[in-house]
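> Just the structure for this:
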Amino acid sequence: MAVRSAAPAPVRRADWSPPAWLVPECALEIDLDPLRTRVRARLRVRRSGAHAAPLRLDGEGLKLLSVSVDGKAAAHRLDRTGLTLRLAGDEAVVETLVELVPAADGVQSGLFASAGLLASHCEPQGFRRITFFPDRPDILSRYTVKLTADRARFPVLLSNGNPAGAGELDDGRHWTAWEDPWPKPCYLFALLAGDLAARRAAFTTRSGRSVEIACWSSEADHAGTGEALAVLLEAMAWDEQAYGRDYDLDVLNLAIIPGFRSGAMENKGLLFFDQAILVDPDAASDAAREMVAMLVGHEYLHNWSGNRVTVRDWFELGWKEGFTVFRDQAFQASRGSAAARRIDDVRVLGAGTEEGGAPVRPLSYTDIGALFSRATYTKAAEVVRLVEARLGTDAFRRAASGFFDRFDGHAVTWDDFLGAMAEHGDVAEIEDWLEAAEMPPVVPAFPEDPDALVRIAGGEGDAVARWHAMQALMAMAVLGQADRSLVVGAVREAALDEDRALAARLIDLPHWSELAAQTRPFDPGAVQAGLARLRRTLGEEMEETWRRVQAAPAPDSGARALRNLALDYLVSAGAAGAGALALAQLESGPTMTEREGALRALAHSRLPERVDALAAFHAAWRAHPAAVDTWFSAQALSRRAMALDEARRLLAHPDFSLSRGPRMGALLGGVGANVGALHHPSGLGYRFLADAALAIAPGNREAALRIAAPLLSAPELEPGRAALLAKQVARLRQSMAIS
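Residues are numbered from 1 along each chain as shown. Just a heads-up that it's a prediction; the model follows:
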């Protein structure tokens, strides 16, 4: 009879205790080979406090070849999860030699092989798969690293810190040395080896230090790295101006790793990204450029909020991620319409219900991966925003500067962060939000009178309040609680706002997930029908306005977003010539944003131009991966009744691959965001996502959880759909051991 393994014991925040041993210095010599890599580690360890506890080094999947203490062979105990040594003195030098196989299992944790590269991924607990080490974030060490590899296969060898030497060996191999002067936790260790091309730039800090910057990629991806490099320079300058934080190394490297599991990683001085930050100069949309800015900005800004000052333990993950998200939101707001950017941030908060049940600082976990939730990022950012609101921006930034200075080189907690803030103002009761299941109060209280909502939406006050009022008014109309004519009048006025990016947000209909939170139980079919009626009414009643918007110049991203919405309203209403207008914009629009907007508008429609549009776009842009991602996404998000059937057929399309993260997200994530497809009355939408998540899980559990998230965080449904959903959720919980 098969015996099921016991469920892992929960890890509790209350059980944290300081490390018994510290590792002030870590020297690594890594001889790289996909089939047999050898890692020699030299750890200078120091007893922390008066105790007799042994030194415990975590390790997984490592073949131990030798271990010594102060140059002599040492007695030790090796088990499945690590190595234990009893040391007589308070300090020692522990050396281990291990062997591992990066190409063995395809799991991107520790050192792994992918797309001809050897790369590392150590957050949260991957370093123990590279060498024996106390793998916890409150152990900060200064690292020196020597990498050796075959020059023909791996001509580029990168690690954290500053270059400290390079040379050739007699057997066709070569080496590079790296030294990181700043202590860091092992989860920020990184290395990369491969045949890579560099796009280079330079940056001079306020203090006059010259920083050499390079973005490394395959030769095939090289043309798409310019945007990432430009954004990085912006982020470096912004952090100096806004927070007084200079970059602190002589070099800063970015690297693109195809299929990188987590999407991005802030390794100290060596930032990793997947191909999502590639921007095709000939085929880049505004949305693609904004995504690059968000990804690159976020990972760079971790240099201080997460790297120089890091987390004590993984329960404190939210402070470094939330603070960095908050900082990145301000950076993005500085690059365009601050009002539109804040609305986008608020909208993310309401996207689904996952955050509602997840605290920023949980009490326990059984799966460490579950800590990397949207609650840890966007919800935590709102907690930081509450602090700023209490202190005011100037006092908050003075407090942040003091926090960085005081805790530089330390691993800290939310309590340390809030304590530093409290020195500059009252932050009482903010701590209550860390364990709270609900979201901070970001939605203003509005009257239920539709006429009052119209007045607020058309006012000159806070842009977010205007947007909330417009969303509330539209929601009432969708749910049959307000006259649609009131919405028409409000939208007509909002469409003329001078801030075109803000206007585009104000006139966009609520997402169905936001409406789901307002109905118990949620009836997807009724909400979908209500949205369609309101969209058609706005298209018909405001046809003249939409045609004027369409004819006006669109010199910036806000104007282009507004123009695309106008086209969507015209197509949705079946206005005369709308299909031809959209097809013309798709084929000859001046920017990819407008071409994509036309594709999406026609993908939703039943107009005869739809088939030609899909074929023409695919034929014209098949050589451009990001554009093909959009092509998949447009069909997966289609409001047509046949969207789910089309998505299922697209799984077999020759251009679809689960190994390309953005493509997987475009199709599978698109279905998860499509009310008609996901909540198809047959239950096939639920099965579609569950099947996909289970297929992905063996090689990429994090991606599988992202794909399954719409099922695991679905709103309360009417009984028929609820039963169908529960069946698929049960499959996921059983097969993926989801808590």
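> Domain parsing of this protein, as residue ranges.
Domain ranges of the chain: 17-105+118-181, 196-303, 309-435, 542-621, 622-739, per automatic domain parsing.
> Let me know which of these is the nearest to L509.
Nearest to L509 among these is domain 542-621 (9.3 Å), distances taken as C-beta to C-beta. In short, each C-beta sits where N, CA and C put it, glycine included.
> what's the span of that closest one, first residue to last?
33 Å (C-alpha to C-alpha, to the nearest Å).
> Dig out what T148 forms beta bridges with.
With DSSP bridges applied, T148 shows beta-bridge pairing to D31, W175.
> so it touches R173, yeah?
Yes - using C-beta atoms under 8 Å, T148 is in contact with R173, at 5.8 Å.
> more crowded one of these two?
Using other C-beta atoms under 10 Å as the criterion, T148 and R173 rank with T148 on top: 22 against 18.
> mind listing the strands for the stretch 351-500 of the chain?
Counting by DSSP state E, counting those that start in this stretch, the stretch 351-500 of the chain has strands at residues 364-365, 410-412.
> The stretch 51-200 of the chain now?
For the stretch 51-200 of the chain, the strands defined by DSSP E, counting those that start in this stretch cover 55-58, 63-69, 72-73, 77-79, 82-85, 91-100, 110-114, 117-121, 140-150, 156-159, 162-168, 173-185, 191-194, 197-204.
> Could you list the low-confidence segments of the chain?
Along the chain, the parts satisfying pLDDT under 70 run over 1-7, 350-357, 442-444, 739.
> Does H222 fall in a helix, a strand, or a coil region?
helix (DSSP: H, G, I helix; E, B strand; the rest coil).
> now it, nearest residue through space, not along the chain?
Excluding its sequence neighbours, the residue lying closest to H222 (C-beta to C-beta, 6 or more residues apart in numbering) is A197, at 4.6 Å.
> give me the beta-bridge partners of the one you found?
Going by DSSP bridges, A197 forms beta bridges with S217.
> For it, give me its contacts.
Contacts for A197 (C-beta atoms under 8 Å, 6 or more residues apart in numbering) come out as W216, S217, S218, E219, H222.
> State the phi and psi torsions of R660.
When read as degrees, to the nearest 10, the backbone of R660 gives phi -100, psi 110.
> Next, the contact list for it, please.
So R660 contacts P258, G259, Q275, P625, D629 (C-beta under 8 Å, 6+ apart).
> Kindly report the same for L684.
By C-beta under 8 Å, 6+ apart, the contact list for L684 reads L644, R648.
> Kindly recompute the last result at 7 Å.
Taking C-beta atoms under 7 Å, 6 or more residues apart in numbering as the criterion, L684 is in contact with L644.
> go on, R46?
Shown in contact with R46 (C-beta under 7 Å, 6+ apart): W21, L22, P24, D90, E91.
> Could you export the helix or strand hosting it as CSV, CA atoms only?
Assessed by DSSP states H and E, R46 sits inside strand 37-47. Extracted in CSV, the C-alpha atoms of strand 37-47 (Å, rounded to 0.1, in the frame of the first residue of the first chain):
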residue,chain,number,x,y,z
THR,A,37,30.1,21.9,-11.5
ARG,A,38,32.4,22.0,-8.6
VAL,A,39,32.1,24.6,-5.8
ARG,A,40,34.8,25.2,-3.3
ALA,A,41,33.6,27.5,-0.4
ARG,A,42,35.7,29.1,2.2
LEU,A,43,33.6,30.4,5.0
ARG,A,44,35.0,32.5,7.9
VAL,A,45,32.5,31.8,10.7
ARG,A,46,32.0,33.4,14.1
ARG,A,47,30.0,32.3,17.0
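> Now do that strand and strand 117-121, the angle between them.
Strand 37-47 runs at 20 degrees relative to strand 117-121, counting by axes from the mean of the first three to the mean of the last three C-alpha atoms, to 10 degrees.
> Pull out the buried positions in strand 37-47.
In terms of neighbour count (16 or more other C-beta atoms under 10 Å), strand 37-47 has its buried residues at T37, R38, V39, R40, A41, L43, R44, V45, R47.
> Ramachandran angles for the residue nearest to the fourth one when sequence neighbours are not counted?
Closest residue to R40 in three dimensions, ignoring its sequence neighbours and counting by C-beta to C-beta, 6+ apart: E29, at 4.3 Å. Recorded main-chain torsions at E29 are phi -120, psi 120, according to degrees, to the nearest 10.
> From here on, call the first residue 57.
Happy to do that; since the first residue is 57 now, the last one works out to E85.
> now E85: how far from A97?
E85 sits 8 Å away from A97, going by C-beta to C-beta, to the nearest Å.
> again, but for R619
With C-beta to C-beta as the criterion, R619 and A97 are 58 Å apart.
> before we move on, what about I186?
According to C-beta to C-beta, I186 stands 9 Å off from A97.
> so how far is whichever strand or helix holds A778 from its chain's centroid?
Following DSSP H and E, one finds A778 within helix 775-792. How far helix 775-792 lies from its chain's middle: 26 Å, per C-alpha atoms, centre = their mean, to the nearest Å.
> With stretch 485-505 instead?
Computed by C-alpha atoms, centre = their mean, the separation of stretch 485-505 from the middle of its chain amounts to 24 Å.
> number of nearby residues for the nearest residue in space to T686 that is not next to it in sequence?
Leaving aside its chain neighbours, T686 sits nearest to E652 (5.3 Å; criterion: C-beta to C-beta, 6+ apart). Counted with other C-beta under 10 Å, the neighbours of E652 add up to 28.
> Pretty sure E652 sits against W687.
No - using C-beta atoms under 7 Å, E652 makes no contact with W687, being 9.1 Å away.
> which among the contacts of A253 end up buried?
Looks like these have W272, S273, S274, H278 buried, using 16+ other C-beta under 10 Å.
> so can I have a markdown table of these showing distance to P577?
Converted to a markdown table, those look like this (distance: C-beta to C-beta, whole Å):
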| residue | distance to P577 |
| --- | --- |
| W272 | 51 |
| S273 | 48 |
| S274 | 49 |
| H278 | 52 |
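> what's near enough to touch the spatially closest residue to R112 that is not a sequence neighbour?
Leaving out its chain neighbours, the residue that sits closest to R112 by C-beta to C-beta, 6+ apart is T140, at 5.5 Å. With contact set as C-beta under 7 Å, 6+ apart, T140 has these partners: P110, R112, H132, R133.
> Please convert the buried members of those residues into PyMOL selection syntax.
The PyMOL selection below is limited to those of the contacts of T140 classed as buried (16+ other C-beta under 10 Å):
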select buried, resi 112+132
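> Give me the residues contacting the one helix or strand L767 maps to.
Using DSSP H and E, L767 falls within helix 757-768. Where contact means C-beta under 7 Å, 6+ apart, the residues beyond helix 757-768 that reach it are 317-318, 410, 425, 717, 720, 724-725, 728, 734, 742, 745-746, 748-749, 752-753, 781, 784-785, 788, 792, 794.
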